[in-house]
Every structure is written in structure tokens, then in C-alpha cells.
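Visitor: okay, structure incoming, though there's no sequence with it:
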Ligand SMILES: [Zn+2]
């Protein structure tokens with residue numbers, strides 16, 4: 001958990017942010033769009049069924065519930081800022097294993113799904129693309145949007161990793177163990193522009209998990225630090241080229257050294273700042289500073 005605080009310190013120290021926007025926690029009404037209302041109520045009352053608590057992998061205490069609602073509010077705010085300004089990044093989020101009927105894999109609420117529904121409901125976005133490059137499949141997001149044509153879910157992940165039973169995204173790319181920079185980036189560059197052209201999103205949620213890194217405790221891929229930065233920059237620039245707003249969220253990153261993990265997560269923000277400063281297709285919405293939550 002210490003990585004979030006460490007990330008904030010890095011971003012402040014490096015001066016990438018003009019300031020942090022503070023979200024309000026997601027409401028039950030917002031969460032009920034992505035989750036069974038009975039589950040949402042149980043989280044807030046700390047009465048989640050033991051079987052679901054086991055699936056989540058941590059006790060659903062009052063503090064955990066508060067944190068999950070705040071992180072989800074953060075992704076909603078990130079989406080709003082992205083639509084206002086073109087680009088925004090959260091310093092949390094990416095709880096992609098949480099599905100309609102309950103959380104899983106350390107994820108209590110699915111922040112991206114909740115934020116996507118909020119933007120669709122407010123008619124702020126009409127076509128949404130989820131680019132999930134966390135090393136684990138975005139199974140919760142895939143299940144939530146299985147019947148939702150306005151949201152296209154793309155997950156590129158390690159084949160032999162959690163969850164053992166994969167869901168069906170609109171596009172899944174399962175990578176063999178040990179995949180390294182060249183093969184990974186080659187595939188991404190072959191796939192991503194086509195997704196933008198086919199789905200024509202006005203809003204993109206990018207789950208920039210750093211667990212594909214070679215030193216990650218839970219990943220099984222072999223991306224370098226430079227490879228992850230190239231990946232983040234490519235996704236942000238591709239969204240910009242296609243004039244889609246991009247909301248970036250952290251996703252996973254695991255290991256003993258919290259500062260090292262936070263430093264990898266900071267690369268999303270560094271890539272966003274670089275793309276902002278050097279983009280080749282300026283548009284009026286890009287005139288303000290990037291904001292981070
Ligand atoms: Zn992960």
C-alpha cells in the first residue's frame with residue numbers, strides 16, 4: 001500500500017503536476033451501475049459474504065471500503081478531467097478483477113467500469129475503449145461489459161497467470177511467460193491503432209499496470225523499465241493522434257521495494273507529460289496543464 005504515497009512524493013518532487021485534483025468518493029448509486037446493489041451495500045456495511053471476502057483476498061473493513069470508494073471516485077474524476085482537457089491520470093485505480101457480483105484479486109470495486117458507466121450515463125462519452133495492459137487479465141471489466149456495445153474491452157496479459165479461469169474480453173491477447181520488450185511492443189503497435197479505427201472511442205481508459213516488469217513479484221513477463229515507458233508513451237500518443245480523451249489509472253505493481261514500484265508507476269505520468277509537451281496533433285483541448293489525482 002505504501003506505493004501510492006511514494007508515487008505522490010515522486011510526482012511532486014519531479015514537478016510533473018500542476019496540482020492534485022481531489023475526488024469525492026463514488027456513491028452507491030454510481031457503484032450500482034457496475035455492481036450488484038446488494039454487494040455495494042454489503043461493502044459499506046462490512047457484511048460481505050465470507051466466500052467473496054476470500055475471493056478479494058483482504059478483509060473488507062471500513063477503511064478498505066472507504067479507500068475503494070475514494071479510488072473509484074478518483075477514476076470518475078479522472079475521466080471527467082480527461083474529457084475536459086484531453087488527458088488526466090489517477091494515482092490509484094485499475095481494480096479490474098471486481099465483477100458485477102463482487103470483488104476479487106485485491107479489487108473491491110471496479111473503478112474503470114463505474115467511471116465508464118458514469119460517463120455514458122451523463123452522455124459525456126458515447127464510445128469507450130478500455131486498454132488493459134496490466135499483466136493479469138481484466139476479467140471483471142470484461143464480464144461487466146460483455147453485453148455493452150458502447151464499451152470495447154482489450155486486455156493483453158500473461159497467459160499463465162491469475163485469474164486461472166479467464167473471461168472473454170472483446171479482444172484478449174494472452175502472452176507466453178517471459179515475453180520481452182520487442183515482442184510485446186510489436187504486438188501492441190500492430191493491434192492498438194486498429195482498435196481506435198474500428199471502435200472510434202471518444203474516451204479511453206488505460207490501465208497501465210507495471211506488473212509486466214521483469215522484477216515484479218507476481219508478473220511472468222520480462223519487460224524492462226524502458227519497455228514499460230515506451231508502452232505508456234505509445235498508448236498516450238496513440239489516443240492523442242486519434243483525438244480520444246485518455247484517462248490513465250495505475251493497475252498492479254508488486255514487490256518489496258515500494259519506491260521502486262512507485263517509480264515504475266510514475267512512468268505513466270512522465271509519459272503523459274511528455275506526450276502533452278511534444279504531441280504532433282495539437283487540438284484546443286490540450287491547452288491546459290495535465291492534471292493528476
Ligand atoms: Zn495485475
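Guide: That came in fine, so what should we check first? None of the values given here were measured: they were computed from a predicted structure.

Visitor: contact partners for the nearest residue to residue 36 once chain neighbours are set aside?
Guide: Leaving out its chain neighbours, the residue that sits closest to residue 36 by CB to CB, 6 or more residues apart in numbering is residue 101, at 5.3 Å. Bear in mind the C-beta positions are built from the backbone N, C-alpha and C, glycine included. By CB atoms under 8 Å, 6 or more residues apart in numbering, residue 101 lies in contact with 35-36, 39, 52.

Visitor: redo those residues as a markdown table? Include pLDDT, neighbour count and secondary structure.
Guide: Below are these laid out as a markdown table (pLDDT from 0 to 100; neighbours: other CB atoms under 10 Å; DSSP: H, G, I helix; E, B strand; the rest coil):
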| residue | pLDDT | neighbour count | secondary structure |
| --- | --- | --- | --- |
| 35 | 98 | 26 | coil |
| 36 | 98 | 14 | coil |
| 39 | 98 | 21 | helix |
| 52 | 98 | 17 | helix |
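
Visitor: could you work out the most separated pair of these?
Guide: Within the contacts of residue 101, 35 and 52 form the most distant pair, 11.2 Å apart (CB to CB).

Visitor: need the residues touching each of these two.
Guide: Shared contacts of residue 35 and residue 52, counting by CB under 8 Å, 6+ apart, come down to 101-102.

Visitor: for stretch 105-114, measure first residue to last.
Guide: End-to-end distance for stretch 105-114: 17 Å, by CA to CA, to the nearest Å.

Visitor: cool, stretch 120-129 as well?
Guide: 12 Å.

Visitor: buried sites along the strand or helix carrying residue 230?
Guide: Here residue 230 sits within helix 225-241, counting by DSSP states H and E. Residues of helix 225-241 classed as buried by neighbour count (16 or more other CB atoms under 10 Å): 225, 227-240.

Visitor: who touches that helix?
Guide: Contacts of helix 225-241 (CB under 8 Å, 6+ apart): 86-87, 131, 133, 180-181, 184-185, 188-189, 192-193, 196, 204, 206, 208, 210, 212-213, 223, 245-246, 248, 264, 267-268, 270-272, 274-275, 279-281, 286.

Visitor: can I have the buried ones of those as a ChimeraX selection?
Guide: Command for ChimeraX, covering only those of the contacts of helix 225-241 found buried under the criterion 16+ other CB under 10 Å:
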select :86,87,131,133,181,184,185,188,192,196,204,206,208,210,212,213,223,245,246,248,264,267,268,270,271,272,274,275,279,286
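
Visitor: among the contacts of helix 225-241, which lie within helices?
Guide: Mapping the contacts of helix 225-241 onto helices (DSSP state H) picks out 181, 184-185, 188-189, 192-193, 196, 264, 267-268, 270-272, 274-275.

Visitor: return the distance of the longest strand anywhere in the chain from the chain's centre.
Guide: Longest strand in the chain, counting residues (DSSP state E): strand 151-158. Relative to the chain's own centre, strand 151-158 is displaced by 11 Å; criterion: CA atoms, centre = their mean, to the nearest Å.
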